Structures are given as C-alpha cells and as structure tokens.
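Visitor: I need the structure of the sequence given here:
(3 chains)
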Amino acid sequence: MEIDLTKLNQPQREAVTCTEGPLLVLAGAGSGKTRVLTTRIAYLIAEKSVAPYHILALTFTNKAAKEMKERVQKLTGEDAGVWLFTFHGFCARLLSMEIDALGYDKRFSIYDEDDQQSLIGHIIKDLNLNDKVFSKRTLAGIFSDAKNHSLRPEEFLRQSYQPRQVLEAFSLYQKRLKEANALDFDDLLLKTIELFEKRPDVLAKYRDHFRYILVDEYQDTNMAQYHIVSLLAREHRNLCVVGDDDQSIYGWRGADIRNILEFEKDFPGARVVRLEQNYRSTDKILEAANRVIENNRGRKDKRLWTEKTDGFPITVYEGRTEREEAVYICDRILNGRRMGSRYDSFAILYRTHAQSRILEMILQSYSIPYKVYGGTSFFNRSEVKDVLSYLRLLSNPNDDVAFTRIINVPRRGIGNVAMDELRAEAQQRELSLFAVVLDPQTLSLRTRAKFAPFAHIMEAAFEDYGKKTFSVFAADLLKRIGYDAYLKEDKKENYEVRSENVKELLGYMSEFESSFDDPDGDLLQSFLSTVALFMNADNVDEQNGCVNLMTLHAAKGLEFDTVFLCGMEDGLFPSAQSKFDPEKLEEERRLCYVGVTRAQEKLFLTYAGSRMLYGQFTASQPSQFLREMGDAIRMPGGSSREQAAQKAAPVESFHAQTPPVHTGPQVFMGTKPATPKTVDKVLDWKDGDRVRHAIFGEGVIENVEGKGPSQIIRVRFKNGVEKRLTALYAPLTRLE
DNA sequence: GCCCCTCTGATTTTT
DNA sequence: TCAGAGGGGC
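Guide: Numbering: from 1, shown residues only, chains lettered A, B, ... in the order given. Model prediction:
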C-alpha cells in the first residue's frame, strides 16, 4: 500500500512525513488537521513499517476518535489496530488492566458530574457545612479545578488558601470515592499518572509499547493530560501534537494554553509546522477572523489565507430587541431557502443556551425546522441513568452513589429515616450501603423489611448474570424491578418516550455485546465505562433537514454554509464576567474566532439594542469584537453592492465608527446606536390584524392598549381562547 | 414519605 | 424568566 501525498499542500506533507522527534503542528481553523493526522498514521504504518499497535493517538471527543478511526481505516484498508482513544477512554482502558496496583478493584465505577455532586451533597451534610457558602456546585467546581491544575490537588488547594472546610471536604470526597471503588473523570487521568509514578515497570512497558504518539487538539490539554503524554513520550520523543492556540476555549475547564505555547521549550529541538491555508471559508470571513484574533497577545503568529476569493460580504444587523434579532435571522433563512439552500446548511450560534429560547419561538412561528444541540443527551436521561445505576451496582457493589440513586426507584417506601439508619450502619461496620442491605443483621426489623425486596431482586440478578445474553439479562432484571410499571405510574413525563429510551438502551447493550471482542475484558465493566465516557451522544447529523442551533463552544470543529453569530453584545459576548479579566477576555475572543471560522460562505453578525436577561430589561452596546473586525465587516454608508441587498431586510444599522485596530484588549467606547427608523413589523399592531402566535396559533387582534414596550394587545384565537398579551414579548407574527 | 410551593440564583461543559 | 432545591404541610 502506498500513501498518496500529492493531495497535500507543502506544510501538510511536511507534517505527515517528519515522523521522528517532537513535532508541533499549528493547524489553523479549516486547514486540514484531521487529514494530516490520519495520513500521518497511515504513513507511519505503510512507509515507515511501524506496527499499528505501536501508535497511540489521543483525542478529546469520542466523535473525533471515531472519525479518525474511520479515516485511518479507509487509508490503510483495514482495521489497523492503532490505539486510538479519547484521553479519558485511554486511561480507563489502561486502568482496567492495571489499577489493582493502586489498591482498586478492576471493576471500578466512573462517576460523572451528577454522581460527583450527589456524593458531595452527602459530604456537605456529614461535615455539617453551610451549603449557602459551600454548595455542591461550588465544591465540585473547586475540586475539579484543583485536579485539573495540579497533580497534587490537596497541595493546590492549600496553596490557594482554601478554607479548612474545603480541604476537609476534599479529603473526605477522595476517601469516599476510594471506598466506593470509584473514579471521577479527573481521577481517570490522575490515577494513570499515579500508576506511572508508583510503578516504573508499568510505565516502561507502555513507553515501549507506544513508540509514536499523536495528540489532537493539543491546545485543550490540561496539566494531567500533558503529564501523561510527557511521561510516555519523554524518552523516544516521537510525539506529534496538533492544535491551534487560537481555538483554545476550554481554559475554564482546566485546559492550559501554555502546553501548546511552550511545546518547543518542553521538547527542545521540536519542529514546528504551520498550516495556514484554509479550505473552508471565503476571504471575507477569514479577514474578519484574523482581524479579531490579532488583538490577542501571546499567541503563535499565524494568519489564515484562502484561495476562495470574492466571497459574500459579512452582514451586521442590529435589532431593537432579541425578538427582532430572531425575526431577522428567520427572514434571512427563509430567503436563503428560497434561493435553494437547505435548512441544515444554516447554523445559529450563541454564547449562552438561554438565547435559544426566543430563537426557537420565532423559528416555530415561521415553521422552520430546527434542532437545538446540547440539551440532555440520551445517556443523561433519568430513565437511562436509573437502568445504568442498577447495572453499576451489580458490577461494583461498593458504588454507593448508584445505590442511593435507585434504592427508592421505583418507590419502595424508603425515605430519609431508613436511609439514615442504613448509612449509620454502613459507617459503623465500614461497609458499603449495598453490602449492609445484603447482610442486614444489625438493622432494625422494620428497616430490614423495607430493604428486603430490593436485596432479593439483586441477589437473583447476581445469580442470573452470565447465563443469558447481556440485554436479555438486563430486560429480565427490569421486569423483576417493575421498572416499566414505574415509568407508567410516574406521570412526570411522557411514558412512551421514556420507555422507548429504555428499549433503546437495551438495544445498545446487545449491539455492544456482539461487537465485544476482548477475551480478557469484563463485558459489564467495559460497557459501563464506555457509556460513562460517552455522555454526549448528540452528534451533529449533517443531513437532518434542520437549522442547527448551538452554543459557540459546541460549534467547535463544525462548519456550515451560513452562520449567524447572534447576541454580539457587550456583556453577553464577551460575557460580563470576562470583560475585566484580560485572560478571560482573550478566551472570549478566541471563542469569537472559532464562531466566525465556522462559516463557509456567509456570515451574519447580529445583536440587539436591548434584551431580556434574567427577567430584566437590559440595554446593551454592540460587542467590542465587532469593532475589532474593523472594515472587514460592512460599515454604515458603505457603498458596496450588498447595501442594496440589505434594504430588503427590516432593520439594518451599524453605527459605531471604527477606530484604528489596536493590539491588545480594547474597551468599547462607541456612541450608543441610534434607534433605527425602519418600519418595525413587530411593534406596530392595530385592531383587526391577523396574527399567528407560536403557541396559540392564529388569531385576530381585538384591541390594542397603550404604546411602546408596555403595549398590551388582546387577541382572540381561532380556538376561541382570548388572551391579553404584552406585544413586545408575545411570539407573534403578522399574517398578511 | 411525598408533594407542592416558595425562594434563589444564573456562562461556556470535549470526558 | 425559569429551573432546581429545600422547607413545610398533609
């Protein structure tokens, strides 16, 4: 097999063929990063005769891992046997083989954020902490932050002068995790490092095993990930990291941008390759992106360019309210649709989820199909988590969090009193909750009786396990539990959907079983850890026929023909919390860069002069990022042909005069935008107008009271219902 | 033990 | 605005 390098440009080719020694590939947005990584792997195998299992490739997301696997397979023509994992997946896999060296059982549980918080909740109670000061959320944040920033989180907490209570809570948290034979996400990384440090023989084994290491999205690595890579690669130094410092947007999650900025210091003699040719966007879009990002200090110098010249001008729109902004976006989408664009070629990107609400309302009123990404994903649904918790408890009987979740689901009449007694007993006897339930001699008769049915069910399940196929086993377990009946009774939510989800999970289990081919592995453990690390199952499906709505963070790595970047307002984007912190502001700017570079052909930047935030009217100024784009975006009085096109849109204006673009952060000082004079199709209601409401449907206006933002209109809807609505907020469109 | 109502607080979330 | 949590009443 030969690898075709002719399709690569010069720097790409260099990145593929420099196989020995440390290599930093600075891959700008849309510069063919994945192609380089996968071709490099294929090249190592085919041209350098490296055995696939000597190659380790690490990514951040399951999606990226999957995509790379598929592409490597395509290039090499077989399932190459390359170790291709997410960081966490790799660690979970390694620990499932080696963790007994650290005194854990190989069937450890992986605690996700919910599990973590539930555990922390009990710790707050047990330590009698004031939960106003030390809330679950706060503590979980502090703990994770410590684990992300340091290999010795206790020391980190001490050095950052955390109060005594935090230190106590943290050590109890770690103690309870250990007792539950559980690791949180951060532990997966830290325990791997601990293993390597404690057992040089194990480290030596894997060092020798992984002779070529590749890391994707290197700008997003945290301290622990850096150490893992460093430990494995330090000796042979065949380490290729690919990333873009300008797209580092997870600093708040512990990603340390210094890892990529100082790669050459960490690995002296490292080669640096810059991929600056962009294959995605037009020149106009790249110009705006470059203008913005140049305001950041301390970045690796690079500038994207493209052969795609003569692109559409970028449009800036100001709405008076978020409603107008949304209406404008919908108008543009319908317009694009009339010109032959598919709905799924549009993306609406925003800084916060809260912004999706109004967009959804207006999209609905226009009957535009859309999909919002980033809601509760499949594996996070309560019914799915319930079932998984039963399985988790069977796999790891020490898993107190799983036990606590399901002990009263379905309801078994077990409340605080019974649980308190159980906890006390468990503490006394130094056993897990489940262990006490299985051996309840010391519990009061009354409590014992309450737990007995549960104990019987689980004992029967233990008995059953291994005698049937995986999914049949689970289905039988659920029958015994009476889970379906519980879903039917529990009328909180749609029974059909929830029961369907459970079925889907069972289907997924049987699929997993049939593709499970690790003779030494434990099917249940392997399934549970895969699922635990696969919480974000909502991948963007490219041909879904829907307009795509998501946060800027979620948009990373994606591309769309037309992108609307909305809420381009000071205080929203950049967020108010980032405004006065130069580092945070730079991260917001990178986020803006990411957003802009998602667009292939058309980019719309929109903002509202005022919007409802936390139930309050908030007036706002255009985002400073808009001015930073300077004349890369359309200015008032501009003469170009788009001006004519703009007239079709309801309100257009962008008033800030652009000052020369300085380097470094700037504070917006422009004048307040004047109120646009164009006809406002939203506020100008009169009696007899026919309207459509997003929820109530069609109706006729009976009466209009008052003027301006407080205007109230009375509408009689077709279904006979009459409503008084605040015109400004009601999701209304006029029917001609 | 469970349900309902009031209070509170609020970015972003690859694993 | 609105979701989630905790307190109080049944």
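
Visitor: Which parts of the stretch 201-350 of chain A are strands?
Guide: Ranges of strands in the stretch 201-350 of chain A, per DSSP state E, counting those that start in this stretch, are A:212-215, A:239-243, A:271-275, A:315-319, A:346-350.

Visitor: Check the stretch 401-550 of chain A too.
Guide: According to DSSP E, counting those that start in this stretch, the strands that the stretch 401-550 of chain A contains are A:547-551.

Visitor: Show me what from it comes close to DNA strand B.
Guide: Residues of the stretch 401-550 of chain A lying near DNA strand B by Cβ under 7 Å from any atom of the strand: A:408, A:411, A:413-418, A:533-536, A:550. Where C-beta positions appear, they are placed from N, C-alpha and C, glycine not excepted.

Visitor: Just the buried ones out of those residues, please.
Guide: Burial by neighbour count, judged by 16 or more other Cβ atoms under 10 Å, picks out A:414, A:418, A:533, A:535-536, A:550 from those.

Visitor: Helix, strand, or coil at the residue of the stretch 1-150 of chain A found nearest DNA strand C?
Guide: Using Cβ to the nearest atom of the strand, A:D131 is the residue of the stretch 1-150 of chain A that sits closest to DNA strand C, at 6.0 Å. Secondary structure assignment for A:D131 (DSSP: H, G, I helix; E, B strand; the rest coil): coil.

Visitor: Spatially central residue in chain A, please.
Guide: For chain A, A:A554 is the residue whose C-alpha lies nearest the centre (Cα atoms, centre = their mean; 5.5 Å).

Visitor: Next up, the contacts around that residue.
Guide: Neighbour list for A:A554: A:373-374 [criterion: Cβ atoms under 8 Å, 6 or more residues apart in numbering].

Visitor: try A:L603
Guide: Counted by Cβ under 8 Å, 6+ apart, A:L603 has contacts A:284-285, A:288, A:314-315, A:562-563, A:565, A:596.

Visitor: A:R411 now?
Guide: A:Y486.

Visitor: Roughly how far does it sit from DNA strand C?
Guide: According to Cβ to the nearest atom of the strand, to the nearest Å, A:R411 and DNA strand C sit 15 Å apart.

Visitor: just to revisit the earlier point, kindly reformat the residues of the stretch 401-550 of chain A next to DNA strand B as a markdown table containing distance to A:N295.
Guide: Shown next, in a markdown table, are those (distance: Cβ to Cβ, whole Å):
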| residue | distance to A:N295 |
| --- | --- |
| A:N408 | 54 |
| A:R411 | 57 |
| A:G413 | 62 |
| A:I414 | 58 |
| A:G415 | 57 |
| A:N416 | 55 |
| A:V417 | 60 |
| A:A418 | 60 |
| A:L533 | 37 |
| A:F534 | 37 |
| A:M535 | 35 |
| A:N536 | 31 |
| A:M550 | 25 |
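
Visitor: hmm, back to that, just the element for the residue nearest to the centre of chain A, please.
Guide: Per DSSP states H and E: A:A554 is located in helix A:552-555.

Visitor: my guess is A:A619 contacts A:M612, does it?
Guide: No - the pair A:A619 / A:M612 is not scored as a contact, 11.3 Å apart, by Cβ atoms under 8 Å.

Visitor: Looking only at neighbour counts, state which of the two leads.
Guide: Taking other Cβ atoms under 10 Å, A:A619 and A:M612 do not tie; A:M612 has more neighbours (17 against 11).

Visitor: Surely that one is within a strand?
Guide: Yes - using three-state DSSP, the assignment for A:M612 is a strand.

Visitor: how much space between it and DNA strand B?
Guide: Applying Cβ to the nearest atom of the strand, the value for A:M612 to DNA strand B is 11 Å.

Visitor: ok, now which ones touch the residue of the stretch 1-150 of chain A closest to DNA strand C?
Guide: Contacts for A:D131 (Cβ under 8 Å, 6+ apart) come out as A:I124.

Visitor: Could you report the pLDDT at A:S382?
Guide: Note for A:S382: predicted pLDDT of 87.

Visitor: What number of residues are in the vicinity of it?
Guide: Using other Cβ under 10 Å, A:S382 is surrounded by 16 other residues.

Visitor: likewise the one 10 residues further on?
Guide: By the other Cβ under 10 Å criterion, the neighbourhood of A:R392 contains 28 residues.

Visitor: tell me which element it is part of?
Guide: helix A:382-395.

Visitor: helices or strands next to that helix in the packing?
Guide: Contacts defined by 3 or more Cβ pairs under 8 Å, 6 or more residues apart in numbering; DSSP states H and E place helix A:382-395 against helix A:400-406, helix A:445-464, helix A:470-481, helix A:483-489, helix A:495-514, helix A:523-532.

Visitor: now what about the last one, what contacts it?
Guide: Contacts of helix A:523-532 with the rest of the structure, by Cβ under 8 Å, 6+ apart, involve A:89, A:92, A:96, A:106-107, A:109-110, A:112, A:379, A:388, A:391-392, A:394-395, A:465, A:470, A:509, A:512-513, A:516, A:518.

Visitor: hmm, which of these are the buried ones?
Guide: Taking 16+ other Cβ under 10 Å as the criterion, what is buried in these is A:89, A:92, A:96, A:107, A:109-110, A:112, A:379, A:388, A:391-392, A:394-395, A:465, A:470, A:509, A:512-513.
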